[in-house]
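# show me the folded form of this:
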Amino acid sequence: MENMKRILCTGAGGPAGINFTQSLRIAPEKMYLVGTEANQHFLHLAATEKTYLIPRSKDPGYIDKLNEIITKEKIEFLHAQPDVEVEAVSEKREKLNAPVFLPSKKAVKACQDKLESANVWKQKNVPVARTLQVTKDQDVDRAFAEFGSPIWIRARTGAGGKGSTPADNKETALAWIQYWKSRKVDWEFIAQEHLPGRNLAFHSIWKDGELVTSMARQRVEYIYAYLAPSGITGTPAVQKTVHDPLVNKIGTEAVLSIDPSFTGIASVDLKENTEGTPCVTEINPGRMFTTSFFFSYASKILRKDYFANIPYLCAKLAFKEQIPTMPKYNVLPEEVYWIRHMDAPARLVKDNKVLGAMYS
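Sure, this is the predicted structure:
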């Protein structure tokens, strides 16, 4: 273990953290992986050599606890996976005793604020869902007048479809917001135009404003979609790779509009409007989408390399290592499916055939 990279992943017991560490497990080199979890139960799900229970990211002792683990485990690179931990680590990065590979503080803040980022994209002429902040009843009236019906109501910050629902009328929109406020949450809300087309994602990794590589996918079905009013539950059951020059172009423009020198992971969400134009809805900065293992495993099986293993590329770049020249777009074939569900092994499928092993 002396010569292995020593990496810490926060949120290691959640689905996204497990996908990140699984991706590192199938990389061409062995690494010593340490995880942290704020959930005492999910602690036992992490696929790391050691996993530590830590306070929530807003706890005053959060950074001190991370530094304690960093020192004890001789950590050389820290990857924060949950949005709330990306925010905390980004803001206090100078106080951490391990390097990170993150966008600038300003870029992280802008991306995690759906209203601010939408305004940036609008100003830069990047196709974006039309967006309004909702602070009073009249804002909902204005949203219906400008966007038509239905509109989309969602929390201004947060991941996994937080606080989101379609609303066909003002009463539904206001009742939805009031419901959440009655639960004493401190969320701010925005209204956006309803985008009825394909639900898309553009995965990308950047170094000093240069795109290293990227891949787009379409979310076809969500896990237990019927349980959420929005039909979005944060993680897909069925997804597939797509080759779409317009998605690649808009995804790239969205990232560079936030920061022309963007460094780190940029996970871009897009949805098509009534004209079929992919519109950016948000960027998840510095962290992977939930199912990053999909691309990592597909890269190993279909390409026989690690070019689509973005977690591993992230680690190599964080360690300031050279990486080979690779395709900037469409690094995997199109129409490759990743099919998964609760307590069922995930399957990589191409041309209706299961490829490789099955992963839980």
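# is the residue nearest to residue 43 when sequence neighbours are not counted in a bridge, and if so with what?
Among residues not flanking residue 43 along the chain, residue 37 sits closest, at 4.3 Å (C-beta to C-beta, 6 or more residues apart in numbering). Yep, even glycine has a C-beta here, placed from its N, CA and C like the rest. Beta-bridge partners of residue 37, counted by DSSP bridges, are residue 53.
# so what touches stretch 337-354?
223-224, 236-240, 291, 293-294, 297-298, 301-302, 333, 335-336, 355-356, 358-360 (C-beta atoms under 8 Å, 6 or more residues apart in numbering).
# same question, stretch 292-304
16, 18-20, 22-23, 26, 203, 215, 217, 239, 241, 305-312, 331-333, 336, 338, 346, 348, 350, 355-356, 359.
# picking that back up, wait, the residue nearest to residue 43 touches residue 18, no?
No: shown here, residue 37 and residue 18 do not form a contact pair, counting by C-beta atoms under 8 Å, at 10.8 Å.
# now for those two: what residues contact both?
Going by C-beta under 8 Å, 6+ apart, residues that sit against residue 37 and also against residue 18 are 12, 46.
# which of the contacts of stretch 337-354 count as buried?
Using 16 or more other C-beta atoms under 10 Å as the burial test, these include 223, 236-240, 291, 293-294, 297-298, 302, 336, 359 as buried.
# distance between stretch 37-56 and the chain's centre?
In terms of C-alpha atoms, centre = their mean, to the nearest Å, the centre of stretch 37-56 is found 20 Å from the chain centre.
# quickly find the element holding residue 122.
Residue 122 belongs to helix 114-123 when elements are defined using DSSP states H and E.
# now do that helix: distance to the chain's middle.
18 Å.
# which SS class is residue 261?
coil (DSSP: H, G, I helix; E, B strand; the rest coil).
# any figure for the gap between the closest residue to it other than its chain neighbours and residue 105?
Counting by C-beta to C-beta, 6+ apart, residue 261 lies nearest to residue 209, which is 4.3 Å off, once chain neighbours are set aside. Using C-beta to C-beta, to the nearest Å, residue 209 is found at 16 Å from residue 105.
# give the contact list for the closest residue to residue 51 other than its chain neighbours.
Leaving out its chain neighbours, the residue that sits closest to residue 51 by C-beta to C-beta, 6+ apart is residue 35, at 4.0 Å. Taking C-beta under 8 Å, 6+ apart as the criterion, residue 35 is in contact with 8-10, 12-13, 17, 21, 46-48, 50-52.
# how about residue 65?
Residue 65 neighbours (C-beta under 8 Å, 6+ apart): 52, 54-55.
# quick revisit: could you flag which of the contacts of residue 35 are buried?
8-10, 12-13, 17, 21, 46-48, 51-52.
# narrow the residues you listed to those in strands?
8-10, 51-52 (DSSP state E).
# return the member of those nearest to residue 188.
residue 10 (25.3 Å; C-beta to C-beta).
# my read is that the closest one contacts residue 89, right?
Yes: counting by C-beta under 8 Å, residue 89 is a contact partner of residue 10 at 7.4 Å.
# pull up the overlap in contacts between those two.
66, 78, 80.
# correct me, but the second one touches residue 89?
Yes: in this structure, residue 78 is within contact of residue 89 by C-beta under 8 Å, at 6.9 Å.
# list the pairing partners of the strand ranked longest in the chain within its sheet, with orientation.
For the chain, the longest strand by residue count, based on DSSP E, is strand 210-222. Applying DSSP bridges to the sheet, strand 210-222 is found paired with strand 199-207 (antiparallel), strand 236-242 (antiparallel).
# extract the CA atoms of the last one and return them as PDB.
Included here for strand 236-242 are C-alpha records, laid out as PDB according to Å, rounded to 0.1, in the frame of the first residue of the first chain:
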ATOM      1  CA  PRO A 236     -32.600   6.400 -13.300                       C
ATOM      2  CA  ALA A 237     -33.500   2.800 -13.700                       C
ATOM      3  CA  VAL A 238     -32.900   2.900 -17.400                       C
ATOM      4  CA  GLN A 239     -30.500   5.100 -19.300                       C
ATOM      5  CA  LYS A 240     -28.600   5.000 -22.500                       C
ATOM      6  CA  THR A 241     -25.600   6.800 -24.200                       C
ATOM      7  CA  VAL A 242     -26.400   9.300 -26.900                       C
END
